[in-house]
Structures are given as structure tokens and as C-alpha cells.
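A.B. asks: Got a predicted structure here, sequence first:
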Amino acid sequence: MRGTVAKLPLAASVVAALALSGTAAHARNGTLRDAGDVLQYALPLSALGSSWLVGDPEGRAMFAKSFGSSWGTVQALKNTVRKLRPSRNSRTSWPSGHTQAAFSGAAYFGTRYGPWVGIPAYAAAGVTGWSRQWADAHFIDDVVAGASIAMLYNFAFVDPYSESTFITPTKIGDGYGVRLRVTDLAGEDRKSGPDVINEFISDFKFEFTSGVAWLATNEFKAPSSGTRVELRHLDQRDDPTQTSVVSLDYFIDDRQSIRGLFAPFEARDEGAFDFDVNFAGAFFPANTPIFSEWRNDDARLLYNYKLVDDGTWDATLGGGVALQYTFIKLQDQADTIDRSQSDMAFLPLIRGEFGYGLTDEFRLFGQAYGGATTNDTLFELGAGVDWQWNERWNASLGYYYAGRDIEYGDFDNKWEYQSLFLSFGYTF
């Protein structure tokens, strides 16, 4: 057993390195899109190949379940949701299949064989996701969804190759290498069951949330003329749309936690306004067919403290900061006029959440976010029911409202949307 484990990192790393070096060479001779096309095959094939090299049939079975389940889910969602691609050439945008395939391979490397193999594989999978957005084949929401679905199925089906094996970097003479340590966990003080869950795998929580979102308003002021324009007056080809949110919580102790969250939201449309629009120094006559792009990327970092937790009621108060990037673009369909405007801002945030436990498994909850600066305000409100079906997994279903009003110099954008959401979380 120890001999097999000892050659495991080397074998897996060699397979991954061969695949990625070939991809890099291809990318140098092609485009970023080409690199993503290759990586969607290279990463899962590398993951599968590594399990053959080290003689890990159990791992192969786990990977087959993880990859097959995530691939089937993504294909079913593509044909059910039917979200329009940003290139407008099909309605199979959400989720991204390329990203699902790449992250299935990367997540398998990381979970089964450890972070020193998983981290570079995740980096390569990230290139795949970026290539799909860069090539105008997917929105960022689609990429986040494909990656998250792959990771959740990986968490469900894949276990570490050896929980008693630890690989750490070390200095050897004038160079560097890795140190393999195999420990014997057998003994009187060995814990099992829920105690292991609570003590050893409850430091982090990964959560993926998706929702059907309806824009209630999306109004901006044209910087050249001051004309107020409502984007919902166009054909609303992307309304409602499918959105994606991903978050990672780190639990400092039973009451304190830190949350990182990323929520991209993007819509594209076409149509015509029944009045003249002067936008960013360009003139768009009334009834002229145009394309519009609108995007809001939201990245947050918050500290949360649980004020109350008596087994039935709980209340949490948090604070932090949000980085908000907003982008608006108008383009005539003849591609002769193309103008855009963007804004990036940091907002202080306050977060409150309360919950009421209906049973040991089901909990009602509500939460709110608020933030403001001199020129910028943000407010969100949500409520739903959470199902904690075991120590690791939970699912939530609910309603969410979000709104933001930006008035900074020539940039003026007010938007509101409502969403019905479903989320899945995994604690590890």
C-alpha cells in the first residue's frame, strides 16, 4: 500500500503535466478558445489516466460516477433552461459543458490525490472557464454553474485516496521536493461518526445557488444628453434569465465565520427605442435596431458573528465590503456605432440573518444586505426554507430581491430584480 501511495503524486502529476504542456503548446499556436477546447478533454482524461497508472480501480469508479452525473445534469439543464448564448446562435448557454468537464477532472485530482496535484489542475480548469466567456460562448453565470455542478458531484462521489497520507513541500539541499508522511490512525482515541464530521471536516462550506431572475427595472441615464433609458423596453430576450452565485464560508469557531461570495449577473437584448438616444457621444436614432449588453459582477467578503443559537432560534450579524463592477453597452445592428460605459466601486456592507428551526432538519430563514456610499446604494432581501439532510449536505429554496442605484459622474444606473432560487451546500 505504501509503495503505491508513494508513487501516486508523481504519476498523477506526470499525466497532468503532459496534458497541460500539450495544451499550452496548442494555445501558443492557436487562441484562448482553442486552449479551452483542448482542456475540456485533457483534464478529465488525465484524471482517469492517473487512476490507471497507480492501480486505483476504486478511484476510476468514483470518477465515472462523478463525471457521468455532472455531465448528464448539465446536458439536461441546457435543454430545459434554454438560455440564449451571448453570441445569440443557440439556446444552450446555461450551464457551460466545457467548464463542467474541465472542473470534473480538476476536482477529482484535488479530492482524490491531494492539493499539490489539484491546485494546478484547478488553475487549468479556470483557463477553460475563462476561455468560454472570452470567446463569447457563455456568460460568467454559465461558467460558474458548470464548475459548481462538477464540484458538487465530485464531493458527493469522490473520497481521498488515503486519509492517512499527507504530502507537503520540503527543501532538499539546494532544491525542493515533497515529503510523504503515512500515519496510523488506529488506536483508542480514534474518533468516528459525527464527531469526525464536527471536528475535522466542518471548517469550510461550499455553496452553489441558482435562480430564475426577472428584471423589474434596468434604467440608465445617457451620459451625453441626460436622456433616461429603460432597457426593459427592448425585446427582453434574456428576461427572465438564469443566474448563478457561488460562496465559500470559513468557520473560525461555532459563532464566527468569514464568507467570500461571487454573484455575476448579465443580460443581452435587442430591439429599438421609440425615441432618439444620445449615449456616450454617439447618436442612436429612434426605431433603429440595436443590441444592448448589461452586466453587474458582485464580489463580497464578509465577517459574520452568530448572536443567538438556542437550538430553535438563531440570529447572525455580519459586515464587510462588496466590489461592484457594472457595464452597459449599446451597438447598432449594422455594427457602425458601438459605445459602452462602466463603473467600479467598493461598498461597505451590513448583513443580517435570522432562522427558526421547524425540526432538526428543516429551518425557515430570512436575510438582508445593505450598503451605501455617497453615490451608490445597495439593498437585498431574501427568505426561504433550508433542509439539512445530513452533517455535510444542505439544500435551500426561496425568494430573493436585489436592487442597486448608482449615480457617479456621468454614470447613472438603477436596476432591480427578483429571483426564485435553489441552492446546494457541502461542508468539509
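C.D. replies: Great, that's in hand. None of these values were measured; they are calculated from a predicted model.
A.B. asks: Thr336: what secondary structure?
C.D. replies: Here Thr336 is coil, with the state taken from DSSP: H, G, I helix; E, B strand; the rest coil.
A.B. asks: What separation do you get for it and Asn394?
C.D. replies: 52 Å (Cβ to Cβ, to the nearest Å). (Each C-beta comes from the backbone N, C-alpha and C, glycine too.)
A.B. asks: between those two, who's got more neighbours?
C.D. replies: Legend: neighbour count by other Cβ atoms under 10 Å for Thr336 and Asn394, higher for Asn394 (19 against 8).
A.B. asks: Return the backbone torsion pair for the more buried one.
C.D. replies: phi -150, psi 160 (degrees, to the nearest 10).
A.B. asks: distance of it from Phe284?
C.D. replies: Asn394 is 48 Å from Phe284, by Cβ to Cβ.
A.B. asks: now Thr217
C.D. replies: In this view, Thr217 and Phe284 are 20 Å apart by Cβ to Cβ.
A.B. asks: can you check Val277 too?
C.D. replies: 4 Å.
A.B. asks: any common contacting residues for those two?
C.D. replies: Leu330 (Cβ atoms under 8 Å, 6 or more residues apart in numbering).
A.B. asks: show me the contacts for Gln367.
C.D. replies: Gln367 neighbours (Cβ under 8 Å, 6+ apart): 351-354, 381-383.
A.B. asks: mind redoing it with 7 Å?
C.D. replies: 351-353, 382 (Cβ atoms under 7 Å, 6 or more residues apart in numbering).
A.B. asks: domains of the chain?
C.D. replies: The record assigns the chain these domain ranges, following automatic domain parsing: 2-166, 195-427.
A.B. asks: Mean pLDDT for those domains - can I get that in CSV?
C.D. replies: Formatted as CSV, the domains of the chain follow (pLDDT from 0 to 100):
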stretch, mean pLDDT
domain 2-166, 84
domain 195-427, 92
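A.B. asks: so what's the residue nearest the centre of the chain closest to, chain neighbours aside?
C.D. replies: The residue lying closest to the centre of the chain (Cα atoms, centre = their mean) is Val144, at 3.5 Å. Once flanking residues are discounted, Val144 sits nearest to Ser244: 4.2 Å by Cβ to Cβ, 6 or more residues apart in numbering.
A.B. asks: What count of nearby residues applies to the one you found?
C.D. replies: For Ser244, using other Cβ under 10 Å, the count is 25.
A.B. asks: before we move on, the earlier item: the residue nearest to the centre of the chain and Leu261: what is the separation?
C.D. replies: From Val144 to Leu261 the distance is 11 Å (Cβ to Cβ).
A.B. asks: who does the strand or helix carrying Ser396 pair up with?
C.D. replies: When secondary structure is defined by DSSP states H and E, Ser396 falls within strand 393-408. Note on strand 393-408: by DSSP bridges, its sheet partners are strand 376-388 (antiparallel), strand 411-427 (antiparallel).
A.B. asks: which parts of the first one are buried?
C.D. replies: Right, strand 376-388. Buried residues in strand 376-388, counted by 16 or more other Cβ atoms under 10 Å: 376-378, 380, 382, 384, 386, 388.
A.B. asks: And stretch 350-358, by the same measure?
C.D. replies: For stretch 350-358, burial by neighbour count (16+ other Cβ under 10 Å) applies to 351-355, 357.
A.B. asks: Closest to Asp37 out of these?
C.D. replies: Of all the buried residues of stretch 350-358, Asp37 sits closest to Arg351, with 40.1 Å by Cβ to Cβ.
A.B. asks: How about the secondary structure of that closest one?
C.D. replies: The three-state label given to Arg351 by three-state DSSP is strand.
A.B. asks: Surely it is in contact with Tyr369?
C.D. replies: Yes. Counting by Cβ atoms under 7 Å, Tyr369 is a contact partner of Arg351 at 5.2 Å.
A.B. asks: And what about Ser46, helix, strand or coil?
C.D. replies: The three-state label given to Ser46 by three-state DSSP is helix.
A.B. asks: Now the nearest residue to Glu353 once chain neighbours are set aside: which helix or strand?
C.D. replies: Closest residue to Glu353 apart from its sequence neighbours, by Cβ to Cβ, 6+ apart: Gln367 at 4.0 Å. Taking DSSP H and E as the definition, one finds Gln367 inside strand 362-372.
A.B. asks: Just the angle for that strand relative to strand 376-388, thanks.
C.D. replies: Here strand 362-372 runs at an angle of 170 degrees relative to strand 376-388 (axes from the mean of the first three to the mean of the last three Cα atoms, to 10 degrees).
A.B. asks: List the strands paired with strand 362-372, with their directions.
C.D. replies: Counting by DSSP bridges, strand 362-372 is paired with strand 338-357 (antiparallel), strand 376-388 (antiparallel).
A.B. asks: I'd like to know which of those strands lies nearest to Asp238.
C.D. replies: strand 338-357 (17.5 Å).
A.B. asks: With distance to Ala299 as extra columns, can I get the strands paired with strand 393-408 in a markdown table?
C.D. replies: Shown next, in a markdown table, are these (distance: least, Cβ to Cβ, whole Å):
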| stretch | distance to Ala299 |
| --- | --- |
| strand 376-388 | 13 |
| strand 411-427 | 17 |
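A.B. asks: Out of the ones you listed, flag the one nearest Gln40.
C.D. replies: From these, taking Cβ to Cβ, the stretch that ends up closest is strand 411-427, at 23.0 Å.
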